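Asker: sequence and predicted model, in that order:
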Amino acid sequence: MKRTIKLLAIAIITAVSFTSCGNDASLQRYFVDHQETKNFISQDFPLSMIEIDKSNFTEVEEEAYNSVNKLNFLGYKSDSTDLETFNAEVAKVKAILSQSKYNDLMEFSDKGNKIAVKYIGDDEETDEFIIFGSHTDMGFGIVRVLGDDMNPEKMITLMETMKQADLDKAQLDNIVNFFK
């Protein structure tokens, strides 16, 4: 009797394990699968590594900045001789980002770059922000912004501030040089 109950329990646990693991592609899985692949670069860094003058930040900007813990970056360098691979990789990323768990925040174009900003969570508290930018001649990049108590509205304000911030370009040289 004990053996039957034990086997039944193992069968139930196994069934639950297999059904709970979906086959949906995830952005995290895409990062892991491609971080050491040819034409890709991957870099993780805490926000504290990026030196920014916060003396002129408003309270909202300061709060948004402090809610971010780290950034994960994955970039793909486009090879003009292999546009098919570039398009296939962009399609994979877009398919992942079209899943219902990703909410649209904004989309825009800047100097030929197509940029989409999405988030996971709700309007009050967000678990993750995703910035996806692509350009046929250069490639694409995905930034996962991870933190605590992030808020979409405040993050938009912070992004606008960061656009005009005087960042030390040497801090981002590895990533910029990759796309050259």
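Answerer: Everything's here; your move.

Asker: wait, isn't residue 144 in contact with residue 72?
Answerer: Yes - between residue 144 and residue 72 there is a contact at 4.1 Å, judged by CB atoms under 8 Å. Quick note: C-beta positions are derived from backbone N, CA and C, even for glycine.

Asker: identify the contacts common to the two.
Answerer: Residues touching both residue 144 and residue 72 (CB atoms under 8 Å, 6 or more residues apart in numbering): residue 31.

Asker: phi, psi of the residue nearest in space to the middle of the chain?
Answerer: What sits nearest the mean C-alpha location of the chain, by CA atoms, centre = their mean, is residue 144, with 2.4 Å. Phi and psi for residue 144, reported as degrees, to the nearest 10, are phi -100, psi 120.

Asker: could you list the low-confidence segments of this protein?
Answerer: 1-24, 50-51, 163-180 (pLDDT under 70).

Asker: let's go with 50 and repeat that
Answerer: 4-9, 11, 14-22 (pLDDT under 50).

Asker: mind listing the strands in it by residue range?
Answerer: Assigned by DSSP state E, the strands in the chain fall at 40-46, 68-77, 103-110, 113-121, 126-135, 139-150.

Asker: any chance of these in JSON lines, with distance to residue 27 too?
Answerer: Shown next, in JSON lines, are those (distance: least, CB to CB, whole Å):
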{"stretch": "strand 40-46", "distance to residue 27": "13"}
{"stretch": "strand 68-77", "distance to residue 27": "9"}
{"stretch": "strand 103-110", "distance to residue 27": "14"}
{"stretch": "strand 113-121", "distance to residue 27": "9"}
{"stretch": "strand 126-135", "distance to residue 27": "7"}
{"stretch": "strand 139-150", "distance to residue 27": "7"}
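
Asker: of all these, which one is nearest residue 52?
Answerer: Proximity to residue 52 (CB to CB) singles out strand 68-77 among these, at 11.1 Å.

Asker: the closest one to strand 40-46, inter-axis angle?
Answerer: 170 degrees (axes from the mean of the first three to the mean of the last three CA atoms, to 10 degrees).

Asker: chain center to strand 68-77, what's the gap?
Answerer: Here the centre of strand 68-77 is set off from its chain's centre by 6 Å, with CA atoms, centre = their mean, to the nearest Å.
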